[in-house]
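Asks: here's my sequence, what's the structure:
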Amino acid sequence: MSPTTRRILQAVLYEVIAIAFVGPALSLAFDKSQTSTFGLAVVLSTIALTWNYAFNWVFERWESRQSVRGRSFARRLAHGAGFEGGLVFMLVPVMSLWLEISPAAAFVANLGLLVFFFVYAIVFTWAFDRVFGLPASAAGNGPRTV
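Replies: Alright, predicted model coming up:
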């Protein structure tokens, strides 16, 4: 499978499975209809995908102007904190309005989602690689990059 096809398949499967879990979990946690929380999960997923694309574009433009190349732990930490921090600012108000809860409660729910997605991303990626094989960048004997 081509790298582009693999990336698209991985992103679509990742989000579809996430929505299937997050929608019912929000329904149980906030005593809302599954129809409503499924809709919310789709909206949150769309925001996250859009933010991911936009943030990575901006980050990579910034990164290309740095005198030090590569991705150190500090740079990766800054990337993760910037991405997640921006996502919190976008998702908390949406969750608060949609679920009719306080911003503080929405923030706590968002922290729960953060923990879920941390574990889910690791498990999903492992399972995806087991089913579809490693990407060319990780499977070959070519040069390793950091």
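Asks: phi first, then psi, for Ser96.
Replies: Main-chain dihedrals, Ser96, degrees, to the nearest 10: phi -60, psi -50.
Asks: Three-state assignment for the closest residue to it other than its chain neighbours, please.
Replies: Spatial nearest neighbour of Ser96, chain neighbours left out: Ala106 (3.9 Å); criterion: CB to CB, 6 or more residues apart in numbering. (Glycine included, C-beta is placed from N, CA and C.) Reduced to three states with DSSP: H, G, I helix; E, B strand; the rest coil, the structure at Ala106 is helix.
Asks: quick one: Ala106 and Pro93 touch, right?
Replies: Yes: in terms of CB atoms under 8 Å, Ala106 counts as a neighbour of Pro93; the distance is 7.5 Å.
Asks: ok, these two, which is more surrounded?
Replies: Ala106 (21 against 12; other CB atoms under 10 Å).
Asks: how much space between the more buried one and Val22?
Replies: 14 Å (CB to CB, to the nearest Å).
Asks: check contacts around Gly86.
Replies: With contact taken as CB atoms under 8 Å, 6 or more residues apart in numbering, Gly86 is in contact with Trp51, Phe55.
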